[in-house]
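# Sequence first, then the predicted structure, then my questions.
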Amino acid sequence: MDSTTWGDTTLTGLPVNPTRKIVPSFRDIDETRDIFSFEASKTIGNTDVLLGMRYEHNENNDSLNMERNAGQVGVVPGGQRFVTQHQKDDVDLFSGHGITETRFSDSLWFTAGYSYTTLQNDLSGTRIFGTSFDSAFGQPVPTLGQRDHAFIDLAGMAQVKENLFNANLFWMPLEILVILTGFRFTHQNLDTDSTFLAEEPEPNTPPFTPTNPAHGFHYGPPELGFGGRSADYNLFAERLELRYTGIANWLFYAEGEWEEEYGHVNENQNIDEDVPLDKNTDSLGQKYTIGANWYPMMRLNLSGQYYHQIASYHDDIITASFPRLINQDWNTDDLNVRITFRPKVPAWLGALSLVTRYDFVHTTIDGQWEVFSDGELLAELQTGEIKKHVISEALTWNPLARFYLQANFSYVLNQTDTPANNIDLVPNTSPTVVNFRNDYWTVTSGIGYLIDDKTDFYGDFSFYCANDYFKNPAVAVPYGLGATEYTASATITRQLTKQMRLLLRYGYYNYRDVTSGGHNNYQAHSLYSGLQVRF
């Protein structure tokens, strides 16, 4: 798989500051995954019970292969050299869950669920510089640079545990009033640990030879490196929704959602950070929604909705080395309207449905940093403003009872403004970080046909286009996505027996990316088959 990653080259053609962090690279991917899942359900009185489990085993043996200072063959040191970074992951995941649904009456339902998930990963790897890919460590590299950090004998582990419980209540005290409420609690625990031997370049010493050139570098004695992270989080979420239908042809609703998170994080490493990071975290999310649906005609309905969303993050940092973002607030307002129209067409044309929607979203972001080297608490500032317009159209046509066509179109205008757009870093004469556009449009379509009472056919096509690439290499990394993507697939399913169903699918994918200079372009074909057996 092609890739472009950070590195360095002076072959950019720029007259000033020609060095840029661009490295031609590719990835070797070797991954396998085995999945086993099981579910069983039982009805006991007025309660349905579902129990299930899932086990996954993943083995990944991947490598990232980079060519530093590509093309600069005659430059010693700091000329062309090759980096091979291997990473192996051995992952085991187990998850179990239980769900109950109790119907006390037609107007009072209660559901509850619990799940437990544990994940463990054993990690190993190396990062080696050489005169070719997959070089042996210790081989002389005449072009080795001063900052060509390498490592060997990486060994680590990560363990994640999660417990989740939720409960929901549906109550209809009156025929015109519905109350929905829910609660969720999640406890997450994370522990990671790793060790490795860090290799740092040291200046060459006489006698100088072609493999030990003057002004060149070689690796000195290894330094033992280690680091770890532990985190513990408690998350609470609540939801309340009211629906009212007391006025003919109208539905009114109001919703409130709240999320709270409290946690403690400890991170440490012995090479780059003298003081470990120790902090308490808390966040509060709120969302308040009001809306209405109006049904003036059998074939026409209109909907309007507004919501205000608040997300506040706060860190109480006990110890740290570097400046840290300690407070951040996101405030979002969304107003959207939707029209659904089912025009009356001649019977021989079947049925037609049109849905038109418009959204306007406005978000402001405020942040505050603390500098721990001198204890300075910076003032809270607005760091970003996002405005987004979304226009979408959906069409569904059923010319025959067993045949349908679908098409969807959406166009998004999205701009993020930042005060950094007004800052020029000397000697540059234009800003390094600019206001950012994320405009794009998508088209999707589908076709379905019931060949007979046991065989279905479905085909779909989608197109995505973004033209936001902003070429700013004189002062910064180019930002913005410039890409197009086409996907198409055809699926056929066949009911072999009452308990057995067969699925066959072919897919085609074509992606073109301007931002990475074409290095992420690809075409792909996929063949998929599945057999479902019910007992």
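Arrived safely, thanks for sending. For clarity, every value in this text was computed on a predicted model and none was experimentally measured.

# Determine the next helix or strand in the C-terminal direction from the worst-scoring helix or strand of the chain on mean pLDDT.
Sorting the helices and strands of the chain by mean pLDDT, DSSP states H and E puts strand 2-5 at the bottom, at a mean of 46. Downstream of strand 2-5, the first helix or strand assigned by DSSP states H and E is strand 23-28.

# list the buried ones in the helix or strand immediately after that next one in the chain?
Remark: after strand 23-28, the chain's next helix or strand is strand 31-44, criterion DSSP H and E. Residues of strand 31-44 include none that count as buried (16 or more other C-beta atoms under 10 Å). C-beta: built from backbone N, CA, C; applies to glycine.

# so what strands line up beside the helix or strand following strand 31-44?
Once strand 31-44 ends, the next helix or strand along the chain (criterion: DSSP H and E) is strand 47-68. Applying DSSP bridges to the sheet, strand 47-68 is found paired with strand 23-28 (antiparallel), strand 31-44 (antiparallel), strand 81-105 (antiparallel).

# where in the stretch 401-535 of the chain is pLDDT low?
473, 477-478 (pLDDT under 70).

# How are the strands of it distributed by residue range?
403-417, 436-437, 440-452, 455-467, 482-495, 500-513, 522-533 (DSSP state E, counting those that start in this stretch).

# coming back round to it: would you reformat the strands paired with strand 47-68 as TSV and include mean pLDDT and distance to G507?
Below are the strands paired with strand 47-68 laid out as TSV (pLDDT from 0 to 100; distance: least, C-beta to C-beta, whole Å):
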stretch	mean pLDDT	distance to G507
strand 23-28	83	22
strand 31-44	96	19
strand 81-105	96	26
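
# of all these, which lies closest to F457?
strand 31-44 (27.7 Å; C-beta to C-beta).

# any chance of the strands of the stretch 401-535 of the chain in CSV, with mean neighbour count and distance to F196 too?
What follows is those, written out as CSV (neighbours: other C-beta atoms under 10 Å; distance: least, C-beta to C-beta, whole Å):
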stretch, mean neighbour count, distance to F196
strand 403-417, 16, 38
strand 436-437, 18, 36
strand 440-452, 15, 41
strand 455-467, 16, 39
strand 482-495, 16, 36
strand 500-513, 15, 33
strand 522-533, 10, 32
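
# Please give the number of neighbouring residues around K498.
7 (other C-beta atoms under 10 Å).

# Go ahead and confirm I271 touches E200.
No: with contact defined as C-beta atoms under 8 Å, I271 does not count as touching E200 (9.5 Å).

# Direction included, what does the helix or strand hosting E255 pair against?
Following DSSP H and E, the helix or strand that holds E255 is strand 250-269. Counting by DSSP bridges, the strands paired with strand 250-269 are strand 223-244 (antiparallel), strand 277-297 (antiparallel).

# got the buried residues for that strand?
In strand 250-269, counting by 16+ other C-beta under 10 Å, buried: L251, Y253, E255, E257, E259, E261, G263, V265, E267.

# So which residues of the stretch 101-250 of the chain form strands?
Under DSSP E, counting those that start in this stretch, the stretch 101-250 of the chain gives strands at 108-130, 150-174, 177-199, 201-203, 217-219, 223-244, 250-269.

# Of all the ones you listed, which one is nearest T364?
Nearest of those (C-beta to C-beta): strand 250-269, 19.6 Å.

# just the angle between that closest one and strand 177-199, please?
20 degrees (axes from the mean of the first three to the mean of the last three C-alpha atoms, to 10 degrees).

# picking up where we left off before, as TSV, the strands paired with strand 250-269 with mean neighbour count and mean pLDDT would be great.
What follows is those, written out as TSV (neighbours: other C-beta atoms under 10 Å; pLDDT from 0 to 100):
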stretch	mean neighbour count	mean pLDDT
strand 223-244	15	96
strand 277-297	15	96
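
# Could you dump those strands into TSV and include distance to D456?
Below are those laid out as TSV (distance: least, C-beta to C-beta, whole Å):
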stretch	distance to D456
strand 223-244	35
strand 277-297	32
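
# if we can go back for a sec, which stretch among the strands of the stretch 101-250 of the chain comes nearest T289?
So among these, strand 250-269 is nearest, using C-beta to C-beta, at 4.2 Å.

# Would you mark the buried spots in stretch 117-136?
Those would be T117, L119, N121, L123, S124, G125, T126, R127, I128, F129, G130, S135, for stretch 117-136 by 16+ other C-beta under 10 Å.

# In terms of pLDDT, where does the fifth one sit?
Okay, so that is S124. pLDDT, S124: 97.

# who's the nearest residue to it once chain neighbours are set aside bridged to?
Spatial nearest neighbour of S124, excluding adjacent residues (C-beta to C-beta, 6 or more residues apart in numbering): K88 at 4.7 Å. K88 forms beta bridges with N61, S124, as assigned by DSSP bridges.

# ok, now which ones touch K88?
K88 makes contacts with E59, N60, N61, D62, L123, S124, G125, as judged by C-beta atoms under 8 Å, 6 or more residues apart in numbering.

# Contacts only, for the third one.
If you count contacts by C-beta under 8 Å, 6+ apart, N61 has them with D30, E31, H86, K88.

# Now do it against T84, distance only.
As for N61, its distance to T84 is 13 Å (criterion: C-beta to C-beta, to the nearest Å).

# How about the spatially closest residue to I451 that is not a sequence neighbour: which residues does it bridge to?
Using C-beta to C-beta, 6+ apart and skipping the chain neighbours, the partner closest in space to I451 is F457 (5.9 Å). Beta bridges link F457 to Y449, I492, judged by DSSP bridges.

# Quick check: F457 vs T396, distance?
17 Å.

# what sits up against stretch 461-469?
436-446, 478, 480-488, 514-515.

# same check, this time on stretch 483-495
Against stretch 483-495 from outside (C-beta under 8 Å, 6+ apart): 453-466, 501-515.
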